[in-house]
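S.K.: give me a model of this one.
(chains A and B)
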Amino acid sequence: MENFTPISSLIGGIILGLSATLLLMAGRIAGISGILSSLIPPQPGDALWRVLFIAGLILGAAAYPLFGGDMSFVTLNPYLLPDSAHYVLLIVAGLLVGGGTYIGAGCTSGHGICGLGRLSLRSFSAVMIFMAVAVITVFVMRVLVGG
Amino acid sequence: MFNLVSLIAGLLFGFGLALSGMVSPGKVIGFLDLTGNWDPSLAFVMGGGVLVTVISFRFLLKRSTPFFGGEFKLPTKKDLDKRLVIGAILFGLGWGLGGLCPGPALSSLAYGNMKIVVFVLSMIGGIIIAKLATGAFKKTG
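M.R.: Take a look at the predicted model:
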């Protein structure tokens, strides 16, 4: 528990909730997977707000260290894999995350922060399933490769 | 106006993800590692986010049109179908392997790491494969 950061995580989470609130004031759900997947291919009249949101995501994340935020906690390779194996893992993980969130119509933001906020049973079920599967996946990875 | 709101919402979301710790796969895996050295921090991210939306969405969705005008574009499906279950299982697998979900992956492009670029490109590849497999491209033209 030495890495426990309840305060910054809670404040960060509240900011995510405020962002989702702002976007719903404009009529849209802040589901990142949906914002991205509906850009493939871009639809006329429905692309600019998505591109701007994603540009905002990147600029907002870039702003954090510029405002003095500590980035030293970021660990990209928690299973301590050799670089080549880690690239393979990231490709497999990326395919699963992209395909899974498209098929399941949402990720941690759309089903999580927004879907739970709307008290959607579909989203609650999706969150329970992907959390449980992720916990099991991490358990199996720890047994297989450690880290 | 709508585009400006979207940009500001994106800025907030990216900043919130960085502050919350979600941009670190190590922290995500630490949260999912219930039987190991468990770091419960990310429960506070979801908790904080839902705390806000569960209150604000109640008021916003009582209106027939969005606060800034236009119309609501909300999910319409209500039932639990096979697609939701299969999609959530695949996503859970990928999230547990890489420690990255779509928001933090896109946000982390800010930090200029090749591994993030490879993950995001794979994620886009996954979306394209899933759209091909489900015939989505035919429907949207």
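S.K.: show me the longest helix that occurs in chain A.
M.R.: In chain A, with assignment by DSSP state H, the single longest helix is helix A:121-145.
S.K.: what are the contacting residues of that helix?
M.R.: A:79-81, A:100, A:104-108, A:110-112, A:114-116, A:147, B:29, B:32-36, B:75, B:77-80, B:84-85, B:87-89, B:91-93, B:95-97 (Cβ atoms under 8 Å, 6 or more residues apart in numbering or on different chains). (C-beta placed from N, C-alpha, C; glycine too.)
S.K.: ok, of those residues, which come out buried?
M.R.: Taking 16 or more other Cβ atoms under 10 Å in any protein chain shown as the criterion, what is buried in the contacts of helix A:121-145 is A:79, A:81, A:100, A:104-108, A:110-112, A:114-116, A:147, B:29, B:32-33, B:75, B:84, B:87-89, B:91-93, B:95-97.
S.K.: can you flag which of those belong to helices?
M.R.: Among those, DSSP H puts A:100, A:116, B:29, B:32, B:84, B:87-89, B:91-93, B:95-97 in helices.
S.K.: out of those residues, which is nearest to residue B:47?
M.R.: residue A:116 (10.0 Å; Cβ to Cβ).
S.K.: that closest one contacts residue B:53, correct?
M.R.: Yes - Residue A:116 is within contact range of residue B:53, at 7.2 Å (criterion: Cβ atoms under 8 Å).
S.K.: count residues in the vicinity of residue A:42, would you?
M.R.: 12 (other Cβ atoms under 10 Å in any protein chain shown).
S.K.: do the same with residue B:65
M.R.: Neighbours around residue B:65, by other Cβ under 10 Å: 10.
S.K.: with residue A:122 instead?
M.R.: Residue A:122 has 21 nearby residues by other Cβ under 10 Å.
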